[in-house]
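# Quick one, fold the following:
(one chain, ligands or ions: 1)
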Amino acid sequence: SAAELDARLRAEGEARGGELNCFTWRSGEADAPSARGLPPPLDAAPLWGIGGVVKANICVRDRITDCGSRLLARWRPPYDATAVARLREAGAQILGATVMDEFGMGSSTEHSAVGPARNPHDTTRVPGGSSGGAAAAVAAGLAFFALGSDTGGSVRQPAHCCGVAGLRPTYGRVSRYGLVAYASSLDQIGPLAPTVADCAAVYGVVAGRDDYDATSLDASVGAPLAAAARPAAGLTIGVPRDLLALADADTVADFDASLDALRGEGVAVVDIALPDSEVMLAAYYVIAAAEASANLARFDGVAFGERGRGDDYAAMTAGTRAAGFGREVKRRILLGTFVLSAGYRDAHYERARRARQLVTGVYRTALAACDAIATPTAPTAAFPLGEKVDDPLLMYRSDVFTVGPSLAGLPALTVPTGRDRDGLPLSLQLTGPALGEETLFTLGAAVERARGFRAEGAA
Ligand code: GLN
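Got it, this is the predicted structure:
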């Protein structure tokens, strides 16, 4: 029953939430109807009584939404994000907010003002990032689903590290209203959950047009749960073999096992090319930093969050930002300001925009020959805490497989598949055409069935 589930979450949350450092806050919704053991109402909504968590950059009314930043440590938005409002309407309970890299900038959740979250499979390892707390909470059984945000991989890469499913929807599929902006042309909210079907269920609730987000798409969401139950036979997967040189040996072996499993499900596997993929990381990090530098200008100590000392506006703002932002955020703001500044803009920002158009075309061509593209989600399994935190370029390379779909605005799904020699989760990333989420659910569920990976055992 929902009441038993609620009690289990509470008990486990007390035992594991602290060790994993995955929660920004946890609610005591003990008086929620499901927790009191009441039966579902006659018109029970699809997620009635199901407890989930949201990344701490997704607004929850009157609750701390700190974005992993000291600058917003006490900031409580006066409204729910559209995605949160839709979850509540669907009957879900918001059990808490989860620890993240500050404003979404990172791949390990170490760039967080409230300390790193830890991987439930091995607490000396990172849970991935930037939605690391969300992935850790789901993998440890502390929430049935999470909403994360994905700019260049922040849903998929932590899902990979923690062995759960995670979807980056098509750009515009889920409203960004109430998602604190990092890089607006790339940001998307997406679900993480133990299985592909669970992801599909949450996606089905949060996706769809929203008048509060002018970039949200007015297209039918379809029947995601039915798609996850459909056979995959007859579909075609494209594999860009050249890219596998970027992954370690265990990752490549696991990837090949997934392709074999898909063939066993009646899926055709063909070779495709993703030319010019070496420009993806560079283009992503220029564009994301440029947009971040503009978006984060609003944190001047006046309208949101903490206020530093200073005798006039300029001094107060400088003080607020100097003390409020962490090192990685400052690095991105400096980079972004540089690539947008007069004299450098053409050489960097405009060039990155042209590269983005090139990448978009490359994906369009590749997806004309297949229903979805398969790659690993990341080059390695979860890495040790501290390994990359002082080497930004090394950290950025964790995103080599995830930034391409982001630049092209395409949906991409991470499905847990196996484990490496240390027992850490590995996964497959499936990238589809715009609005191709249903195909991804069909293929993802087939991979899951055939590989038989289960996140249980993490706790
Ligand atoms: N690691 C990437 C970055 O730091 C992606 C993060 C994200 O998707 N929010 O920008």
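
# contacts, neighbours, all on C-alpha from now
OK.

# Nearest to the middle of the protein, which residue? Look it up for me.
residue 155 (1.5 Å; CA atoms, centre = their mean).

# Quick check, that residue in contact with residue 168.
Yes - taking contacts as CA atoms under 8 Å, residue 155 lies within contact range of residue 168: 6.5 Å.

# which bits of the stretch 101-250 of the chain sit near the ligand?
104-107, 130, 150-154 (CA under 6 Å from any ligand atom).

# run the last query once more with 8 Å
103-108, 129-131, 149-155, 182, 187 (CA under 8 Å from any ligand atom).

# Now, those residues that are in strands?
149-150 (DSSP state E).

# all helices of this protein, in order?
2-20, 82-89, 132-139, 156-162, 196-206, 224-228, 249-264, 279-295, 313-324, 327-340, 351-367, 392-396, 403-408, 437-451 (DSSP state H).

# Please produce TSV containing those, extended by distance to residue 53.
Shown next, in TSV, are these (distance: least, CA to CA, whole Å):
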stretch	distance to residue 53
helix 2-20	12
helix 82-89	10
helix 132-139	7
helix 156-162	14
helix 196-206	12
helix 224-228	21
helix 249-264	29
helix 279-295	25
helix 313-324	25
helix 327-340	24
helix 351-367	32
helix 392-396	26
helix 403-408	23
helix 437-451	22
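
# Pick the most deeply packed of the ones you listed.
helix 132-139 (a mean of 36; mean count of other CA atoms under 10 Å).

# Which elements pack onto that one?
Secondary-structure packing of helix 132-139 (3 or more CA pairs under 8 Å, 6 or more residues apart in numbering; DSSP states H and E): helix 2-20, strand 51-55, strand 93-98, strand 145-150, helix 156-162, strand 188-193.

# Where does the prediction get shaky in this protein?
Across the chain, the ranges flagged by pLDDT under 70 are 1-5, 28-38, 454-459.

# Can you pull the phi/psi pair for the residue lying farthest from the centre of it?
In the chain, residue 311 marks the outermost C-alpha relative to the chain mean, sitting 40.3 Å out by CA atoms, centre = their mean. Per-residue torsions, residue 311: phi -80, psi -30 (degrees, to the nearest 10).

# how near is it to the ligand?
34 Å (CA to the nearest ligand atom, to the nearest Å).

# In contact with that residue: list those residues for me.
Going by CA atoms under 8 Å, 6 or more residues apart in numbering, residue 311 touches no other residue.

# Distance-wise, check it relative to residue 335.
Relative to residue 335, residue 311 is positioned 28 Å away (CA to CA, to the nearest Å).

# Residue 103 now?
Taken as CA to CA, the span from residue 103 to residue 335 is 16 Å.

# same thing with residue 158?
25 Å.

# same thing with residue 232?
Residue 232 is 44 Å from residue 335, by CA to CA.

# Not counting sequence-adjacent ones, nearest residue to residue 280?
residue 404 (5.8 Å; CA to CA, 6 or more residues apart in numbering).

# Run a quick check on that neighbour versus residue 359, I expect a contact.
Yes - with contacts counted by CA under 8 Å, residue 404 reaches residue 359, the gap being 7.0 Å.

# tell me, what's touching these two both at once?
277, 280.

# Give the full set of residues in contact with residue 273.
239-242, 366.

# Next step: these restricted to strands.
Per DSSP E, the contacts of residue 273 map to strands at residue 239.

# and the two most separated of the contacts of residue 273?
Maximum pairwise distance among the contacts of residue 273 (CA to CA): 13.7 Å, between 242 and 366.

# List the buried residues in stretch 174-188.
Of the residues in stretch 174-188, 174-188 count as buried by neighbour count, 16 or more other CA atoms under 10 Å.

# Could you do stretch 371-391 as well?
371-385, 388-389.

# what's the offset of that stretch from the middle of its chain?
Counting by CA atoms, centre = their mean, to the nearest Å, stretch 371-391 is centred 13 Å from the centre of its parent chain.

# Between the two ends of it, how far is it?
With CA to CA, one end of stretch 371-391 sits 37 Å from the other.

# Over to stretch 100-109?
End to end - CA to CA - stretch 100-109 spans 5 Å.

# Can you list the neighbours in contact with it?
By CA under 8 Å, 6+ apart, stretch 100-109 touches 55-57, 67-69, 99, 110-113, 116-117, 126-134, 149, 151, 154, 157-158, 180-182, 326, 328-329, 385, 395-396, 398-399.

# Skipping adjacent residues, who's closest to residue 178 in space?
residue 81 (3.8 Å).

# quick one: contacts for residue 398?
Per CA under 8 Å, 6+ apart, neighbours of residue 398: 107, 378-380.

# wait, which of those is closest to residue 283?
Closest to residue 283, out of all of those and judged by CA to CA, is residue 107, at 17.1 Å.

# Near the ligand, which residues of the stretch 251-400 of the chain? Just list them.
So the stretch 251-400 of the chain meets the ligand at 284-285, 288-289, 395-396, 398-399 (CA under 8 Å from any ligand atom).

# Quick check: the farthest pair among those?
Spatially, the most separated pair among those is 289 and 398, at 16.8 Å (CA to CA).

# okay, the helices and strands packed on helix 132-139 in CSV with distance to residue 436 next?
Shown next, in CSV, are the helices and strands packed on helix 132-139 (distance: least, CA to CA, whole Å):
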stretch, distance to residue 436
helix 2-20, 33
strand 51-55, 24
strand 93-98, 28
strand 145-150, 17
helix 156-162, 17
strand 188-193, 14
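
# List the contacts of residue 255.
Contacts of residue 255 by CA under 8 Å, 6+ apart are 375-376, 427-428.

# List just the nearest of those to residue 253.
Out of the contacts of residue 255, the member with the shortest distance to residue 253 (by CA to CA) is residue 376, at 10.4 Å.

# For residue 399, see how far away the closest one is.
Counting by CA to CA, the gap from residue 376 to residue 399 is 11 Å.

# Kind regards, and thank you for your time.
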